[in-house]
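# Sequence first, predicted coordinates after that:
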Amino acid sequence: MSIFVVSLQREKVSYIDIFREIFLNFYTLIIVIITIKGVKMEDDSLLVNFLGDYPVVRVLDFLVENNIFDYSKKDICRFANVSWNTLEIFWGNLVESGIVEYTRKVGKARMFKLDTSNPVAQKMLELDKTLMKQSIESLDKTDKKLKAIA
């Protein structure tokens, strides 16, 4: 916080400078907390960590996290980090089971999204929310322990 205080003591302070200082201090704080906890930062989401790093799980995780928008299969492959051939192995099952629904056609691309009215998709959304709540509670407990140590 010392950088932020020093910035405010200057004569002319822009909002951009204030935001930059706050962001830098917040980023430093996050790095310190992660170092203290000994947590390895990963790109995997909570759902992938819970169910395992499998292509179908990565695709479902992407669709759960982005259930508002529709995507082409090419975009789903790219954002879920799954090859086209791998996606084609299980894509038919996802569509047939109703977890994924066709929404529209844009040019030659067919667009798909998670069918939130499907009971299985609803359970996946619920599981994702539950995992998020548990993660936040775990971070709160860790934060309280860190405050007690300091």
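Good, I have the coordinates. As the structure is a prediction and not an experimental result, all values here were calculated from the model.

# shaky segments in this protein?
Applying pLDDT under 70 to the chain picks out residues 1-43, 143-148, 150.

# longest helix anywhere in it?
In the chain, assigned by DSSP state H, the helix with the most residues is helix 119-149.

# tell me which residues in that one are buried?
Within helix 119-149, the residues scored as buried using 16 or more other C-beta atoms under 10 Å are 121, 124, 128, 131. Using the backbone N, CA and C atoms, a C-beta is placed for each residue, glycine as well.

# Would you enumerate the residues in contact with the third one?
Applying C-beta atoms under 8 Å, 6 or more residues apart in numbering to residue 128 gives the contacts 46-47, 61, 64-65.

# Could you do the last one as well?
Shown in contact with residue 131 (C-beta under 8 Å, 6+ apart): 46-47, 50.

# Mind checking which of those residues are in helices?
In helices, defined here by DSSP H, the members of these are 46-47, 50.

# Would you write a PyMOL line that selects the buried entries of those?
In PyMOL, this line selects whichever of the ones in helices among the contacts of residue 131 come out buried by 16+ other C-beta under 10 Å:
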select buried, resi 46+47
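
# and which of the ones in helices among the contacts of residue 131 is nearest residue 98?
Nearest to residue 98, judged by C-beta to C-beta, of the ones in helices among the contacts of residue 131 is residue 47 at 19.3 Å.

# excluding its backbone neighbours, what's nearest the closest one?
Among residues not flanking residue 47 along the chain, residue 61 sits closest, at 4.5 Å (C-beta to C-beta, 6 or more residues apart in numbering).

# What number of residues are in the vicinity of the one you found?
If you count neighbours by other C-beta atoms under 10 Å, residue 61 ends up with 22.

# element containing it, please.
Element membership of residue 61 [criterion: DSSP states H and E] is helix 55-65.

# ok, now residue 88?
Applying DSSP H and E as the criterion places residue 88 in helix 84-96.

# For that helix, list every residue counted as buried.
For helix 84-96, burial by neighbour count (16+ other C-beta under 10 Å) applies to 86-87, 91, 94.

# how far off helix 119-149 does it point, in degrees?
110 degrees (axes from the mean of the first three to the mean of the last three C-alpha atoms, to 10 degrees).

# Give me the residues contacting helix 84-96.
Contacts to helix 84-96, defined as C-beta under 8 Å, 6+ apart, come from residues 55-56, 59-60, 73-74, 76-77, 80, 100-102, 112.
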